[in-house]
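>>> make a model of this:
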Amino acid sequence: MKQILLFLLTISVVFGSCKKKSSSEPSQMTASVDNKAWVSNTSLVKFDKGATVHLILTADSANTHMRLDIGNYTGIGTYVISDSGNTASFTTYSAANGSALHKATSGQIVVKQVTTNGTNQNGFKGTFEFLADTVQVTAGTFNVNLYLN
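Predicted coordinates for the structure are as follows:
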């Protein structure tokens, strides 16, 4: 019962204090992809409300795209990839080969902090790691601003 009340309070504060887009702290994702540093150029987080809350974190960098999905977001915590609709993927693009989507088969997404201080710094901070086909993503971090449609 406490978790449900905390979740409802968190969602109320997030939606009650967010503006259309936040920006004073840069929104960014970083990771090591196959032992090479990866840093996003752009990133954001979205909520998709239905019967459950679906949290979607996305980021783009030169010819690549990272996506983390938490299918049943309930607040700060660890979300195991492949449980309850939690997924992750890494996509590469090239003129010669087109796009290659690498879907995670194992890993986790950890939401460590939800910033809801009402000063245009509303968003989510945490870590992630996953294995997707032959692509290994480790030491992932996100500090991603909330975007509301």
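
>>> what does stretch 56-72 rub up against?
With CB atoms under 8 Å, 6 or more residues apart in numbering as the test, stretch 56-72 has contacts from 28-29, 31, 33, 38-48, 52-55, 79, 84-94, 109, 111, 124, 128, 137, 140, 142, 144. Heads up, the C-betas are built off the backbone N, CA and C, glycines and all.

>>> helices of this structure, residue ranges please.
Using DSSP state H, the helices of the chain run over 2-17.

>>> longest strand of it?
For the chain, the strand with the greatest residue count under DSSP state E is strand 98-115.

>>> contact partners of that one?
In contact with strand 98-115 (CB under 8 Å, 6+ apart) are residues 10, 14, 55, 57, 68, 70, 73, 75-82, 86-93, 121-135, 137.

>>> and the buried ones among those, selectable in ChimeraX?
Buried subset of these, written as a ChimeraX selection, criterion 16 or more other CB atoms under 10 Å:
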select :10,14,55,57,68,70,73,79,81,82,86,87,88,89,90,91,122,123,124,125,126,127,128,129,130,131,132,135,137
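
>>> next, the contact list for residue 130, please.
Listed by CB under 8 Å, 6+ apart, the contact partners of residue 130 are 81, 88, 104-108, 137, 140.

>>> biggest separation within the residues you listed, which pair?
105 and 140 (15.8 Å; CB to CB).

>>> ok, those two, which is more surrounded?
Counted by other CB atoms under 10 Å, residue 105 and residue 140 do not tie: residue 140 has more neighbours, with 24 against 13.

>>> mind pulling up the pLDDT for that one?
The per-residue pLDDT reported for residue 140 equals 96.

>>> that one against residue 30, yeah?
Yes - assessed by CB atoms under 8 Å, residue 140 is found in contact with residue 30 at 7.0 Å.

>>> rewinding a little: partner strands of the longest strand of the chain and their direction?
Sheet pairing of strand 98-115 (DSSP bridges) gives strand 77-80 (antiparallel), strand 87-94 (antiparallel), strand 123-132 (antiparallel).

>>> in JSON lines: those strands, plus distance to residue 62.
Below are those laid out as JSON lines (distance: least, CB to CB, whole Å):
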{"stretch": "strand 77-80", "distance to residue 62": "28"}
{"stretch": "strand 87-94", "distance to residue 62": "9"}
{"stretch": "strand 123-132", "distance to residue 62": "19"}
